[in-house]
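Visitor: Pasting the sequence and the predicted coordinates here, then a few questions.
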Amino acid sequence: MTATQPPLTVHRFAMCFSSTPRGARLARRLCAKRLDAWGIPHGSDAHDVVTLIASELCANAVRHGRVAGRDFHVLLTADPATGTVRIEVTDTRGERLPRLATAVPEDGDGGRGLLLVEALADRWGCSPRSTGGPGKTVWAECTAHGLT
C-alpha cells in the first residue's frame, strides 16, 4: 500500500478596499500579514518584494483607476507547489491602461511605480476585468520560496 500526500493548497486572499490612500495602505498591510501567515516571513526578501509590488499596484488603482464611489479589489494567491505568488488589483477605469514611464515626469508627479514592478516581478501585465463591467486588472507574479 502506498501512501499519497494530500494535494497542496493554493492560498487565496481576496478583499475590496475603498479607492483612497487609506484603502491602499490597508490592502498593503493585509497582504503583508497574509504572506507571513503563508510562510513568507516579514523581513525576508520575498516578503519585501511582494509587499512593495502590492503597494505600488494598489496605489496606482487609487491614483489612476479611481472612480468616485467605487472600490478596488485585491486578489493575492500563493501556490506552494510552484513557489509563485500572484497579486491582482482590479479597478473600474478600463480606459486608463498602465504604461511604463520612459522618463521621470517634469512635474515630479509619480511615474516610478511600474518601473519598480517591472524590475521586481518575474512577470506582470494587464487584462480586462474578468467579472464583466468596466475596469481592468493589473497583475504581477513573483517566485517566493518557503510557502507552506
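Guide: Everything's here; your move. Residues are numbered from 1 along each chain as shown.

Visitor: mind listing the strands for this structure?
Guide: 11-17, 72-79, 84-91, 123-128, 136-143 (DSSP state E).

Visitor: any idea which of these is most buried?
Guide: Highest mean neighbour count of those: strand 84-91, a mean of 24 (counted as mean count of other C-beta atoms under 10 Å). C-beta coordinates here come from the backbone N, C-alpha and C atoms, glycine included.

Visitor: Check which helices and strands that one sits against.
Guide: With contacts taken as 3 or more C-beta pairs under 8 Å, 6 or more residues apart in numbering; DSSP states H and E, strand 84-91 sits against helix 21-37, helix 45-64, strand 72-79, strand 136-143.

Visitor: quick check, distance from it to the centre of its chain.
Guide: Mean C-alpha position of strand 84-91 versus that of the full chain (C-alpha atoms, centre = their mean, to the nearest Å) differs by 4 Å.

Visitor: Could you spell out the sheet neighbours of that strand, each with its direction?
Guide: Its sheet considered, strand 84-91 pairs with strand 72-79 (antiparallel), strand 136-143 (antiparallel) by DSSP bridges.

Visitor: confidence score at the most centrally placed residue in the chain?
Guide: Among the residues of the chain, the one closest to the centroid is Ile87, at 3.1 Å (C-alpha atoms, centre = their mean). On the pLDDT scale, Ile87 is placed at 97.

Visitor: can you check the one 10 residues further on too?
Guide: At Leu97, the predicted lDDT confidence score is 76.

Visitor: My guess is it contacts Lys136. True?
Guide: Yes: using C-beta atoms under 8 Å, Leu97 makes contact with Lys136 at a distance of 6.5 Å.

Visitor: who touches both of these two?
Guide: By C-beta atoms under 8 Å, 6 or more residues apart in numbering, Leu97 and Lys136 have these common neighbours: Cys126.

Visitor: count of residues packed around Ser130?
Guide: Per other C-beta atoms under 10 Å, the neighbour tally for Ser130 reads 12.

Visitor: Setting aside sequence neighbours, what's the nearest residue to Arg12?
Guide: Thr77 (5.2 Å; C-beta to C-beta, 6 or more residues apart in numbering).

Visitor: so who does the one you found touch?
Guide: 10-13, 85-86, 88.
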